[in-house]
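1. Need coordinates for the below:
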Amino acid sequence: MGRTIGIDLGTTNSCIAFSDGGHPTVIQSKSGSRVMPSVVAFSAKGERLVGLVAKRQAITNPKNTVNSIKRLIGRRYAEVASHINDVSYEIVENSNGDAAVRIMDRVYTPPEISAIILQQLKLTAEEFLGEEVTDAVITVPAYFNEVQRQATKAAGKIAGFTVRRVLNEPTAAALAFIEPEGRKKLAVYDFGGGTFDISVLQVIDGVFEVKATLGDTSLGGDDLDTKLVQWIMSEFKSETGIDLTRDNIAPQRVREAAERAKCELSMTQETDINLPFIATGESGPVHLEITITRKLFEELAGDLIKRTIPLCRDAVEDAGMKIEELDHVVLVGGSTRIPMVQKLVEEFFGRKPAQSVNPDEVVALGAAIESSVLAGHRKDLVLIDVTPLTLGVETLGGVLAPIIRRNSPIPTRNSRIFTTASDNQSVVGVHVAQGEREIIDGNRSLGTFELRGLGAAKRGEPRIEVVFEIDASGILNVSARDTNTGQEQSIKVNPSGGLSGADIERLRREASANAEADKIRMKLVSLRNEADEVIYRASKSLKVAREELDKESWEELDKEAKKLKTLRDTDDSLALAKSINEVRQLNSSVSRLVEVFESDEENATSEFLESITKSDDEAKLPE
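-> The predicted model follows:
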């Protein structure tokens, strides 16, 4: 078995870490980046781009660039229909009624897109650690339902991981934030790019027990960006009469600028957005220039941010605690950098939230700690999590009969006895659902199955035991058994949010087959970046050399640098690497000649000045 890592698969950015039982460490990319944008793009040539390179080309290729896929994973199309206009790519309904993405001529499920991100994270980890990575602990929002958890686990399988555990993000943050010794109570306020969670925990001598969790999987930083984007476009339209929503590229430019402005307003009171040539009017090109103040942003996004506070209040009550009992409040997620968020949290909890953790990295670090626990490297921690939503089955009249209540500690097992509604009924349907509504239609359906072969009996006589089992990852298994005949049937909640087991295996094989091609492509990307740097340095050297050296000294460098420019976009990595080395060596030689020339010139000047000074000293002034 290879190495196990912890993965924070975020809506906006993802982060990975590892731990051998000691202090957890964030895994950096070759460029030194500690987080990777959760963005996947498909170029016109059919290449897959992931992370920063995908995000960089989003403006010029918006329809084939997928971001915030986490908001779609494990969700029905009807659930996300209101968000369709918030993204540049096409969201469609697949044959199962689930949300999917159409890129060019192919429909991708959210687990497939997520798997591409995870596969890139796997490659980064293997390059950093110098060994194969096979296992992972992947985090999810605490308020994810069973289908969303299963879909995330399926994405991990497609990417080539053995998913050891699906861990709640606030719980992971608590593991990374607090030492296991002693007795402590804390709240973890997790406001990320796509979701909001609040969890209340109690730590007693290494036992981390989640007492309650609540959240909103449709509330995150993306929604704050959307508010700002809508206002900017509305202002622009009122001033110019131009509707930017009709353009293919302009909305993506505005969204990127809005996201950047939101971040800048966390450090300053106002910021400017300048987008030249954003549109064309009757008199020619039109530019977007607008000033955003922090106060304006807070007015636009304030209602969304304030939606988190009632959830915090309910979570503390569900945990059976009082706010003043809490020892710590931990902020997680990029949106917690917003001053208004920090102020509201401080006002509600009556204390300053902890500032000692990096909200972008703490979840991955906690996942790495949990991976070391599962691997047996750490034995001083025990984690007791909870299920976020009530689980039950449909009964006569379309009513949800709870079997496992929300905030029940997991792993757990519970059962309930049911009976038939008709005489001599030989089949009963078991419809499993999750949610807090009493009427079944108001909850998320997780699956159905039939228990056949019931013995002939009057209605109400058969005793049918329905058993719910949730493992440590929050994954649900349901079984039903006729206690009289022994007939039994079971169901595992759809492990993919729309993909069958065969689909997952097929996609895993495809991903594995593409892994080598992706490594080759990433090597080319790295070489091209290296070529850009070498060409830039050579051009600087040539600029000086043309002024100070004879042509023979720099002519060869100029020739090879031009050759490298033509090779820059080649797929021949050997030729590209050879050209890079050639230019680098020639540039080094030319740079040394320039240094020698400048040094000689400086010495000559110094000697000349010295001679002038000496002659001045020796001169006699007339009496």
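2. so after the longest strand along the chain, what's the next helix or strand?
-> Looking only at the chain and at elements set by DSSP state E, the strand with the highest residue count is strand 270-281. Moving toward the C-terminus from strand 270-281, the next helix or strand (DSSP states H and E) is strand 284-293.
3. Residues in contact with that next one: which ones?
-> Contact with strand 284-293 is made by 228, 232, 235-236, 240, 242, 254, 261, 265, 269-280, as judged by CB atoms under 8 Å, 6 or more residues apart in numbering. Backbone N, C-alpha and C define where each C-beta goes, glycine included.
4. pull the helix or strand with minimum mean pLDDT from this structure.
-> helix 573-618 (a mean of 73; mean pLDDT, DSSP states H and E).
5. What residues sit buried inside stretch 172-188?
-> For stretch 172-188, a neighbour-count test (16 or more other CB atoms under 10 Å) marks 172-178, 180, 184-188 as buried.
6. same thing with stretch 344-361?
-> Neighbour counts using 16+ other CB under 10 Å place 344-345, 348-349, 351, 353, 357-361 of stretch 344-361 among the buried residues.
7. what do you get for stretch 465-475?
-> Residues of stretch 465-475 classed as buried: 466-470, 472-475 (neighbour count, 16+ other CB under 10 Å).
8. I'd like the residues you listed as CSV, with pLDDT appended.
-> Converted to CSV, these look like this (pLDDT from 0 to 100):
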residue, pLDDT
V466, 92
V467, 93
F468, 92
E469, 91
I470, 87
A472, 78
S473, 70
G474, 72
I475, 76
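9. Of the buried residues of stretch 344-361, which belong to helices?
-> The helices, defined by DSSP state H, take in 344-345, 348-349 from the buried residues of stretch 344-361.
10. ranges for the helices of the chain?
-> Listed in chain order (using DSSP H), the helices of the chain are 52-56, 77-80, 110-129, 146-158, 169-177, 221-240, 250-264, 294-306, 308-318, 339-349, 362-374, 501-548, 551-567, 573-618.
11. Narrow the contacts of strand 284-293 to just the buried residues.
-> When burial is judged by neighbour count using 16+ other CB under 10 Å, the buried members of these are 228, 232, 236, 242, 254, 261, 265, 271, 273, 275, 278-279.
12. for P180, what are its contacts?
-> So P180 contacts 203, 205-206, 208, 380-381 (CB under 8 Å, 6+ apart).
13. Turn the buried ones among these into a named ChimeraX selection, would you?
-> With 16+ other CB under 10 Å as the criterion, this ChimeraX line picks the buried residues out of the contacts of P180:
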select :203,208
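14. Adding pLDDT and distance to V163 as columns, could you present the contacts of P180 in a markdown table?
-> Rendered in a markdown table, the data for the contacts of P180 read as follows (pLDDT from 0 to 100; distance: CB to CB, whole Å):
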| residue | pLDDT | distance to V163 |
| --- | --- | --- |
| V203 | 93 | 26 |
| D205 | 90 | 29 |
| G206 | 89 | 25 |
| F208 | 92 | 20 |
| D380 | 83 | 24 |
| L381 | 84 | 20 |
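15. Reformat the buried residues of stretch 172-188 as CSV; add pLDDT and distance to S82.
-> Conversion of the buried residues of stretch 172-188 to CSV gives the following (pLDDT from 0 to 100; distance: CB to CB, whole Å):
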residue, pLDDT, distance to S82
A172, 94, 29
A173, 94, 29
A174, 93, 32
L175, 92, 35
A176, 91, 34
F177, 90, 34
I178, 86, 38
P180, 84, 42
K184, 93, 40
K185, 95, 37
L186, 94, 34
A187, 95, 30
V188, 95, 28
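16. Now render those as CSV, adding distance to S335.
-> Formatted as CSV, the entries for those read as follows, by distance: CB to CB, whole Å:
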residue, distance to S335
A172, 17
A173, 14
A174, 19
L175, 21
A176, 19
F177, 18
I178, 22
P180, 28
K184, 25
K185, 24
L186, 19
A187, 16
V188, 14
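17. Spatially nearest residue to R416, not counting backbone neighbours?
-> With sequence-adjacent residues excluded and distances taken as CB to CB, 6 or more residues apart in numbering, R416 is closest to I403, at 5.1 Å.
18. and that neighbour, what pLDDT?
-> Confidence per residue is given as pLDDT, and for I403 that number is 94.
19. cool, E533 as well?
-> The per-residue pLDDT reported for E533 equals 83.
20. Now for it, how many residues are close by?
-> When neighbours are defined as other CB atoms under 10 Å, E533 has 12 of them.
21. can you tell me which residues contact K211?
-> Residues 200-202, 318-321, 386, 407 are the ones in contact with K211 under the rule CB under 8 Å, 6+ apart.
22. Looking at these, which one is closest to L549?
-> Ranked by distance to L549 (CB to CB), the contacts of K211 are led by L201 at 67.9 Å.
23. Based on its surroundings, how many neighbours for that closest one?
-> Burial of L201, expressed as a neighbour count using other CB under 10 Å, amounts to 29.
24. Specify the beta-bridge partners of it.
-> Residues found in beta-bridge contact with L201 (criterion: DSSP bridges) are L186, V210.
25. Just confirm it contacts T213, I think it does.
-> No. L201 is not in contact with T213 according to CB atoms under 8 Å; the separation is 9.1 Å.
26. hey, what's in contact with both of those two?
-> When contacts are counted by CB under 8 Å, 6+ apart, L201 and T213 are jointly contacted by P170.
27. In contact with N67, which residues are there?
-> In this structure, N67 makes contact with 12, 37-39, 55, 58, 87, judged by CB under 8 Å, 6+ apart.
28. So which of those belong to strands?
-> Secondary structure from DSSP E places 37, 39 of the contacts of N67 in strands.
29. got a markdown table for the contacts of N67, with pLDDT too?
-> Converted to a markdown table, the contacts of N67 look like this (pLDDT from 0 to 100):
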| residue | pLDDT |
| --- | --- |
| T12 | 93 |
| P37 | 95 |
| S38 | 96 |
| V39 | 95 |
| K55 | 92 |
| A58 | 88 |
| V87 | 83 |
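30. out of the contacts of N67, which is most surrounded?
-> Neighbour counts for the contacts of N67 were taken using other CB under 10 Å; the highest belongs to S38, which has 30 neighbours.
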